[in-house]
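Student: Got a sequence here, can you build the structure:
(2 chains)
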Amino acid sequence: MIKFSNVSLIYPNSTKTVIENLTLEISEGELVLVIGATGSGKSSLLRLINGLVPHHTGGILAGDISVNGLSTREVKPGGLAHLIGIVGQNPINGFVADTVEEELAFSMEALNLAPETMRKRVEEVLDLLSLASLRARTIATLSGGEQQRVAIASALVLHPKVLVLDEPTSALDPIAAEEVLSILHRLVHDLSLTVIIAEHKLERVIGFADRILHISGDGNSVIGTPDEIMKISSIAPPIVHLARALGLEEVGLSVRDMRRMTENVRANTPLSSPHINPVSHIPVIEIKKLSMVHGTTIALNEVSATIFDNEIVAVMGRNGAGKSSLLRSIAGVSDGATGHVHVHSINSKDLHSKVRRATIGYIPQEPSDLLYAQTVSQECAHADRDNEIAPGSTYTLLTQLVPGISLHAHPRDLSEGQRLGLALSIVLSANPKILILDEPTRGLDYEAKKSLTRILLEFATVFNRTVVLATHDVELVAELATRVIFIADGDIVADGPTIDVLLSSPAFAPQVSKVMSPQPWLTVRDVVAALEANAP
Amino acid sequence: MRKTPLHPLTWWIWSFAVAICVARVNAPAFAIASVGVVGVIVYFFREDAPWGKSFIWTLKLAAWILVIRTYIAVVIGVPIPGTTIFSLPQIPLPSWMPGVRIGGAVTLERISSAISEGLIICAIIVIFGAAASLTSPHRLLRVLPVYMYEFGVSVVIATTILPQLVTSFSRIRTAQRLRGQSIKGFASYRRVAIPLLEESLARSLDLAAAMDSRGYGISRKRSRYRPIRWRFVDTAIVATGLIVMGLS
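Tutor: The predicted structure follows:
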């Protein structure tokens, strides 16, 4: 279906080849997963398939790519629209109409299809992606998972043979992600659609993949079955790390396989009691009867909680459950909120300029919202001046957090992880007592996530500070958090030590705990520690 | 059963008729009454969408226009004889500017005529605001004649982007507040403008790529999904508007 022959790609004003001499063939009805670190060229590879690269972005392409016999050299992206459906990283940026139904009709109108055909296909695709109840809704009011489904639906109305998705689940909660992936699985099996996905959160997608293409960033790439790739790849989900840590010969890719392989590990270890970190009793954030209403929906409903010194609190919940509202109210910048939030017994709404910076550090969902200078050095200098610290301190901090960022780089040109690092070092240069992060792992690869985990753990334990983060990333929560607050529909429905909250819900349990249940282990580290303690 | 929306032109024709009535009757009481009627209709029929708020906005705008107009009528204006309420000091103007007067005696007649004229103008603005509030601009564009359709599509896209831009603006401002930056003054707008500009550029590139890969502009002709039909209810609403206009 898709044929890459000796493809190399280089962008203008760059000396690094993104892809070098790639030859591969993807047959009909295959689901191929593309993995690689951020900036390794995954998105470029996906966009090569329908010719957006180089027709839209510029760049020099050598070799040839053909889809169903059509070469992307000769046909422009629009001419391949009936053959390839593409769903971008942020589907909301690609929407053109205001309601779901009109969005679905857009590409068919552009290709001048007959109204009867359009009507029939819209109904078909509404059923296929269970969108029928949303057909008349305004797209802006849909949740992230629903928007993703609309984007997939609008790619499918043209009956393409190939569907390309760039990080389809990175912004979704585990349940919405599961939904989107099972739809893709069904499309592959029922309609024999060829699907190509790029994704960082391997634990979510690896079970669905027929083959994996690993791009290593220096131009080299390997393609193989999940088993083959997972044996050698440095990028791997926790389940594979578990297999490696236990020294198993085979790697299991699903919880079921791994449970079979680790039967004797579980049987030979006595049931250990969960390890719960001691909690200090100095309250830092006191939330009392916090309520917030957006239009007619209740975002927060009389929420009360107390967060203590050196806790790392993860706020979890569905898309749109009120996580961001809670974080913004804690920081005291949501004007519509009623109730009280006291941070070190100061009402957080009364914090301003320097006192605010020294009390609460806040990383929003888009870290780049905090940045406005033209270069990294200007940005750091601003932070130095604002916080009245020695010039260069912020940059020193930055090099400790994320080494290797050039002073002259433009913040927009940094990778997601580097940009997060820059925002973090600016916020941390004020030495805040509390750090709040909204969805920090969106678009981060395992390497960047690991260094974020290290930074946050150090901040909380070494400097005795408090961290509050909202996230969908169960694995990050398992590695990091000491306490989980679970929000649904504006209410706190669970609040307790990480291990209790995560293990009580099957959807939010990390992979390792599913494999090792009933043992109360959340991460590979827990397993190794417990086994070592038990070793004779 | 889904509520079938009215034809997008219905409320516009109706508003046009009512606006003509207001202008023809030329009585402030009638103007206020029709704003009241329109307000009730908007309250019951308005959609929960961005354009649904345009009635409130035109109401605010109309109030401003009324205030400014009255103020100007008090300060500058043609003298109308009558009961003097108070006098402002008059600024002498050169002889080549006859008929214009700044300051001077303010009579009851002058204020009342200024207010009543202002009310009528404002009522007309508010009536059209109501029509905008009741009709999706996107649906309105769909009934445009074919030769305007391409233009219409670009307007639809622009109107979809605009609310997103507003959301990004407030999001970036909140972020700057969180960084402890002041959100007042010129410098604060610069701090918001740069990330906003960069984001909208990135977004428009994304949009262009998405539209291109969905086949936009490939076919010279465009077909239309779900033609909008004119139904009996539409005729009824338009008829009431026209009857009132006839009676006025």
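Student: the strands in the stretch 51-200 of chain A, which residues?
Tutor: For the stretch 51-200 of chain A, applying DSSP state E, counting those that start in this stretch gives strands covering A:60-67, A:70-71, A:84-87, A:162-166, A:194-198.
Student: model confidence over the first one, on average?
Tutor: Across strand A:60-67, the average pLDDT comes to 92.
Student: related to what we said a few turns ago, of all the strands of the stretch 51-200 of chain A, which one comes closest to chain B?
Tutor: Closest of the strands of the stretch 51-200 of chain A to chain B is strand A:84-87, at 4.9 Å (criterion: Cβ to the nearest Cβ). All C-beta atoms are positioned from the backbone trio N, CA, C, and that covers glycine.
Student: Contacts only, for A:Thr498.
Tutor: A:Ala314, A:Val477, A:Ala478, A:Ala481, A:Thr482, A:Arg483, A:Val484, A:Leu522 (Cβ atoms under 8 Å, 6 or more residues apart in numbering or on different chains).
Student: Counting only strands, which of those residues make the cut?
Tutor: A:Ala314, A:Arg483, A:Val484 (DSSP state E).
Student: care to break the chain down by domain?
Tutor: Using chain A. Chain A resolves into domains spanning A:2-235, A:237-268+A:506-536, A:283-501 when parsed by automatic domain parsing.
Student: other chain: chain B
Tutor: If you go by automatic domain parsing, chain B breaks into B:7-143, B:145-220.
Student: Could you check how far the longest one is from the centre of its chain?
Tutor: Same thing as domain B:7-143. Its chain's C-alpha centre and that of domain B:7-143 lie 12 Å apart, by Cα atoms, centre = their mean, to the nearest Å.
Student: now swap in stretch A:335-347 and tell me
Tutor: 30 Å.
Student: What mean pLDDT does it get?
Tutor: pLDDT averaged over stretch A:335-347 gives 87.
Student: can you give me the end-to-end distance of that stretch?
Tutor: 13 Å (Cα to Cα, to the nearest Å).
Student: low-confidence ranges in chain B?
Tutor: Applying pLDDT under 70 to chain B picks out residues B:1-4, B:50, B:77-79, B:99, B:145-150, B:156, B:159-160.
Student: Can you find which helix in it contains the most residues?
Tutor: Scanning chain B for the longest helix, with DSSP state H as the assignment, gives helix B:149-178.
Student: which secondary structure elements does that helix contact?
Tutor: In terms of contacts (3 or more Cβ pairs under 8 Å, 6 or more residues apart in numbering or on different chains; DSSP states H and E), helix B:149-178 is packed against strand A:360-363, helix B:137-142, helix B:186-213.
Student: try it again with 6 Å
Tutor: Contact here means 3 or more Cβ pairs under 6 Å, 6 or more residues apart in numbering or on different chains; DSSP states H and E; on that basis helix B:149-178 packs against helix B:137-142, helix B:186-213.
Student: where does chain B come near chain A, residue by residue?
Tutor: Contacts of chain B with chain A, taken as Cβ under 6 Å from any Cβ of the partner chain, map to B:49, B:138, B:157, B:160, B:172, B:174-175, B:177-180, B:191, B:194-195, B:198, B:203, B:206-207, B:209-210, B:212-216, B:218-219, B:221-223, B:225.
Student: Turn the buried ones among those residues into a named PyMOL selection, would you?
Tutor: Command for PyMOL that selects the buried part of the residues of chain B next to chain A, burial taken from 16 or more other Cβ atoms under 10 Å in any protein chain shown:
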select buried, chain B and resi 49+138+157+160+172+174+175+177+178+179+180+191+194+195+198+203+206+207+209+210+212+213+214+215+216+218+222+223+225
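Student: Tell me where chain B has strands.
Tutor: Using DSSP E, the strands of chain B run over B:84-91, B:102-107.
Student: among these, which is the most enclosed?
Tutor: With neighbours taken as mean count of other Cβ atoms under 10 Å in any protein chain shown, the strands of chain B reach their highest mean count in strand B:102-107, at a mean of 17.
Student: What helices and strands are in contact with it?
Tutor: Of the remaining helices and strands, those touching strand B:102-107 by 3+ Cβ pairs under 6 Å, 6+ apart are strand B:84-91.
Student: Okay, angle between the strand it packs on and strand B:102-107 too, please.
Tutor: Counting by axes from the mean of the first three to the mean of the last three Cα atoms, to 10 degrees, strand B:84-91 lies at 170 degrees to strand B:102-107.
Student: neighbouring contacts of strand B:84-91?
Tutor: Strand B:84-91 is contacted by residues B:Ile102, B:Gly103, B:Gly104, B:Ala105, B:Val106, B:Thr107, B:Leu108 when judged by Cβ atoms under 6 Å, 6 or more residues apart in numbering or on different chains.
Student: try 7 Å this time
Tutor: Strand B:84-91 has contacts (Cβ atoms under 7 Å, 6 or more residues apart in numbering or on different chains) with B:Arg101, B:Ile102, B:Gly103, B:Gly104, B:Ala105, B:Val106, B:Thr107, B:Leu108.
Student: residues in contact with the helix or strand containing A:Ser329?
Tutor: Following DSSP states H and E, one finds A:Ser329 within helix A:323-331. Helix A:323-331 is contacted by residues A:285, A:287, A:290, A:292, A:299-300, A:303, A:315, A:317, A:334, A:337, A:341, A:348, A:360, A:362, A:436, A:438, A:468, A:470, A:487, B:178 when judged by Cβ under 7 Å, 6+ apart.
Student: one more time with 6 Å, if that's ok
Tutor: By Cβ under 6 Å, 6+ apart, helix A:323-331 touches A:290, A:292, A:299-300, A:315, A:317, A:334, A:337, A:341, A:360, A:362, A:436, A:438, A:470, A:487, B:178.
Student: In helices, which of the residues you listed fall?
Tutor: Counting by DSSP H, the contacts of helix A:323-331 place B:Leu178 in helices.
Student: So which of the contacts of helix A:323-331 is the closest to A:Ile84?
Tutor: Nearest to A:Ile84 among these, counting by Cβ to Cβ, is A:Asp438 at 34.1 Å.
Student: how close does the closest one get to chain B?
Tutor: 10 Å (Cβ to the nearest Cβ, to the nearest Å).
Student: Excluding sequence neighbours, find me the nearest residue to that residue.
Tutor: Leaving aside its sequence neighbours, A:Asp438 sits nearest to A:Gln365 (Cβ to Cβ, 6 or more residues apart in numbering or on different chains; 4.7 Å).
Student: just A:Pro12 next, same as before
Tutor: Nearest to A:Pro12 is A:Gly58, by Cβ to Cβ, 6+ apart, at 5.3 Å.
Student: pLDDT and distance to A:Gly404 for the contacts of A:Thr498 - can I get that in a markdown table?
Tutor: Listed next are the contacts of A:Thr498 as a markdown table, based on pLDDT from 0 to 100; distance: Cβ to Cβ, whole Å:
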| residue | pLDDT | distance to A:Gly404 |
| --- | --- | --- |
| A:Ala314 | 95 | 29 |
| A:Val477 | 94 | 28 |
| A:Ala478 | 93 | 28 |
| A:Ala481 | 93 | 28 |
| A:Thr482 | 92 | 31 |
| A:Arg483 | 93 | 34 |
| A:Val484 | 94 | 33 |
| A:Leu522 | 91 | 31 |
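Student: what about burial for the residues you listed, which qualify?
Tutor: A:Ala314, A:Val477, A:Ala478, A:Ala481, A:Thr482, A:Arg483, A:Val484, A:Leu522.
Student: mind listing what the first one touches?
Tutor: It refers to A:Ala314. Counted by Cβ under 6 Å, 6+ apart, A:Ala314 has contacts A:Leu469, A:Thr471, A:Val477, A:Ala481, A:Val484.
Student: ok, of those, which one's closest to chain B?
Tutor: A:Leu469 (14.6 Å).
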